[in-house]
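Enquirer: 3D, please:
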Amino acid sequence: MRPALQRYRVLAWVTGLWLLLLTIEMIAKYGFGVDTPSWIAVVHGWVYFAYLLVTADLAVKVRWPIGRTVGTLIAGTIPLLSFFVEHRNAKEVKEQYNL
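Expert: So this is what the prediction gives:
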């Protein structure tokens, strides 16, 4: 259980950070006409894909209901939300499994 939780926590933070970078890149590009690198969106997409996999793995292991699982998966698409959801989920899993 501990390795699955650790993978989830790391990917939640990495996804959140890349999403913030992507948000800044989009604001700079479309709001101010700054020429920005296009690879930021690609990296975020791959990181988010990895986040989906490790979140699904943890959800199966801790038997989250489908609503919570989907909500956690969607948290990686809203800036800053993944940090709050990760904190809440990690706290509850640690308490539930005495980690």
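
Enquirer: hmm, Met1 is touching Ala90, no?
Expert: No - in terms of C-beta atoms under 8 Å, Met1 does not count as a neighbour of Ala90; the distance is 11.7 Å. C-betas here are computed from N, CA, C, even on glycine.

Enquirer: those two: which has the busier surroundings?
Expert: Neighbour count, other C-beta atoms under 10 Å: between Met1 and Ala90, Ala90 has more, with 17 against 14.

Enquirer: not counting sequence-adjacent ones, nearest residue to the more buried one?
Expert: Leaving aside its chain neighbours, Ala90 sits nearest to Arg9 (5.6 Å; criterion: C-beta to C-beta, 6 or more residues apart in numbering).

Enquirer: before we move on, what about Leu52?
Expert: Leu73 (5.9 Å).

Enquirer: how much space between the one you found and Asp35?
Expert: 33 Å (C-beta to C-beta, to the nearest Å).
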